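Visitor: I'll drop the sequence and a predicted model, then ask my questions.
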Amino acid sequence: MRRSLAVFGIIGLLANAAPALAGEPSGAALPGVEKTFLIPSSDGYGVAECLSTGTGECGQVVADAWCESQGFAKAASFGVAAQDEYTGAIDNPPVPVTRPADRPIRITCRD
């Protein structure tokens with residue numbers, strides 16, 4: 001009885017260890033992680049002034065700095081957020097935001 005329990009225990013350990021032993025090389029790259037941040041345009045830091053145009057060196061520098069401060073390598077994209085990006089959970093927004101200056105800024109960061 002003890003011998004059969006020991007055999008089943010060893011088989012269980014080997015079954016759990018087999019993927020790790022036969023697995024991928026240690027240098028295998030993980031796929032890039034992306035995360036999108038929505039920043040209020042009136043946050044007080046002046047982020048919207050550079051990022052609202054969606055292009056330009058100023059916007060890229062600010063977006064990269066934002067991503068680095070959040071622990072990411074660089075900004076993949078940035079600009080004014082579309083209305084469906086920040087009101088998706090609300091069926092009928094009480095007051096739709098029509099002016100682009102009032103819309104939040106979207107920054108997508110990537111590792």
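Guide: The structure has been received and is ready for your questions.
Visitor: CA atoms for contacts and neighbours, from now on please.
Guide: Noted.
Visitor: contacting residues for residue 108?
Guide: Applying CA atoms under 8 Å, 6 or more residues apart in numbering, one finds that residue 108 lies in contact with 34, 35, 36, 37, 75, 76, 77, 78.
Visitor: what average pLDDT does the helix or strand containing it get?
Guide: Under DSSP states H and E, the secondary-structure element containing residue 108 is strand 105-110. Strand 105-110 comes out with an average pLDDT of 93.
Visitor: sheet-wise, list the partners of it with their directions.
Guide: Next to strand 105-110 in the sheet, as set by DSSP bridges, lie strand 34-39 (antiparallel), strand 74-80 (antiparallel).
Visitor: deepest of those, which one?
Guide: Using mean count of other CA atoms under 10 Å, the stretch among the strands paired with strand 105-110 with the greatest mean number of neighbours is strand 74-80 (a mean of 21).
Visitor: just checking, next helix/strand downstream of it?
Guide: helix 83-86.
Visitor: send the alpha carbons of that next one over as CSV?
Guide: Coordinates of each C-alpha in helix 83-86 appear next as CSV, following Å, rounded to 0.1, in the frame of the first residue of the first chain:
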residue,chain,number,x,y,z
GLN,A,83,-16.3,59.6,-26.6
ASP,A,84,-16.8,55.8,-26.6
GLU,A,85,-13.5,55.3,-24.8
TYR,A,86,-14.7,57.0,-21.7
